[in-house]
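In: can't give you the sequence, but here's the structure:
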């Protein structure tokens, strides 16, 4: 394990790639013809292989792990069972930290998460998407599962996508009807000229976005596609060997980009309440963040606030404690706040992470306004140095900003409260219909409604 809790995801990923056959045993000496006792690193590797071979729900993965375990044993003139027995669990000291989930349970959660593709779709389905053991590359970013899955239905006329997390989209004519005179004039006279770098942000849009926050400086605002902004932010904050804590489940890209950078990955997973709903306990995060040695102290915490897909939103007290944990460890905090503003209960909206912590980044988007198709959002932080590094990377992929989208985004942000009111009304109406539907079919599904968030929640299905 990395630290005391996280599953060695780098090893787990290697095992799922077909090119790992020689890499796993290349570090071991040639057999001398005599039995020898394995070293501590070899015992750790054998223990992980043995666990995968015996516990993996993916048969192909288990077979690969068994073969590598046998190869290690052959190098030492031991049999696999003898090697497995010699690889004992390391002692874990908790240093007076009370942990709700013991390490073994957290490791099991990580294993189940890693195998969810195979469990849900079967081995053939996972391989068809390029996510199975037969992946053609030993490194690099893997395909995004959700996109690959939805692409199968994009040409089917009768397919209805019930998994979108954005609000009912506006028509272009509806958005332009909300424009004030200055914005409409800017749209009508728009020139599709080359910009001046840094995504060529529209100054008026930067000003409007900055007004959404209380303590973000002018140079702390970047306008970009949300996915592109996240990608560059992680590359600006992380280097090989850094430790990253990711709130999970979350967008697959958060995990994949961290692994591609070769960071150590720890997962902050939710506990299950008595009613079956999910809760990310801050006590668990505190234990995870504090469990690593100083050399592997977490460099970054990634979370969605509100969480997508569970809909979990911390209380103000818990949110303040999460920020305090990051301050204590000097960690960056990347807060995906794409759904911020859709809370339909009064006094539940949380402060933006960038407003309360110098090393925090808040990611915003137009999704709550029904304009996700513009593919534009923003990233804000009080760390000017960090934002400059991200902007330098942005010059490589978007030296010229999307001028039409920026003007339309300006119209939307100026009419933000009106559009948020529209989204909340739609959500309240549809939420009642969804709850009635789930109640009607309560024998097979249960709706877990977040008490504060509007458009994200969990449906538990039983078949």
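Out: That came through fine. This is a predicted model, so every value here is computed, not measured.

In: low pLDDT regions in the stretch 351-463 of the chain?
Out: 448-455, 457-463 (pLDDT under 70).

In: To clarify, my last question referred to the stretch 1-150 of the chain.
Out: Those would be 1-38, 40-41, 44, 55-61, 64, 77, 79-139, if you go by pLDDT under 70 across the stretch 1-150 of the chain.

In: What of the stretch 201-350 of the chain?
Out: 292-295, 346.

In: Quick check: closest non-adjacent residue to residue 320.
Out: Distances taken as CB to CB, 6 or more residues apart in numbering place residue 356 nearest to residue 320, at 7.7 Å, with adjacent residues excluded. Every C-beta, even on glycine, is put in place using the N, C-alpha and C of the backbone.

In: Does the one you found touch residue 322 like I think?
Out: No: Residue 356 sits out of contact with residue 322 when judged by CB atoms under 8 Å, with a separation of 10.1 Å.

In: So which of those two has more stuff around it?
Out: Using other CB atoms under 10 Å as the criterion, residue 356 and residue 322 rank with residue 322 on top: 25 against 20.

In: Is the more buried one part of a helix or strand, or is it coil?
Out: Residue 322 falls in the helix class when you classify it by DSSP: H, G, I helix; E, B strand; the rest coil.

In: who's in contact with it?
Out: By CB atoms under 8 Å, 6 or more residues apart in numbering, the residues touching residue 322 are 282, 285, 301, 303, 314, 333.

In: Which of those residues fall in strands?
Out: If you go by DSSP state E, the contacts of residue 322 have 301, 303, 333 in strands.

In: what about the strands in the stretch 351-463 of the chain?
Out: 360-365, 377-381, 445-448, 458-461 (DSSP state E, counting those that start in this stretch).

In: again but with the stretch 201-350 of the chain, I slipped
Out: Under DSSP E, counting those that start in this stretch, the stretch 201-350 of the chain gives strands at 221-224, 243-247, 264-268, 271-272, 278-279, 300-304, 332-336.

In: Figure out which of those strands is closest to residue 178.
Out: For the strands of the stretch 201-350 of the chain, the distance to residue 178 is smallest for strand 221-224, at 19.8 Å, taking CB to CB.

In: Mind listing the strands that closest one pairs with, and their directions?
Out: strand 377-381 (antiparallel) (DSSP bridges).

In: orientation of the strand it pairs with relative to strand 360-365 in degrees?
Out: Orientation of strand 377-381 against strand 360-365 (axes from the mean of the first three to the mean of the last three CA atoms, to 10 degrees) gives an angle of 170 degrees.

In: Show me what strand 377-381 is in contact with.
Out: 209-210, 213, 216, 220-226, 229-230, 233, 338, 352, 354, 359-366, 387, 390.

In: Any chance of JSON lines for the strands of the stretch 351-463 of the chain, columns distance to residue 193?
Out: Listed next are the strands of the stretch 351-463 of the chain as JSON lines, based on distance: least, CB to CB, whole Å:
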{"stretch": "strand 360-365", "distance to residue 193": "25"}
{"stretch": "strand 377-381", "distance to residue 193": "22"}
{"stretch": "strand 445-448", "distance to residue 193": "49"}
{"stretch": "strand 458-461", "distance to residue 193": "46"}
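
In: wait, which of those strands is closest to residue 420?
Out: strand 360-365 (12.7 Å).

In: Run me through the strand neighbours of the closest one, direction for each.
Out: Strand 360-365 is paired, per DSSP bridges, with strand 332-336 (parallel), strand 377-381 (antiparallel).

In: Please name whichever of those is nearest to residue 157.
Out: Of all the strands paired with strand 360-365, strand 377-381 comes closest under CB to CB, at 30.8 Å.
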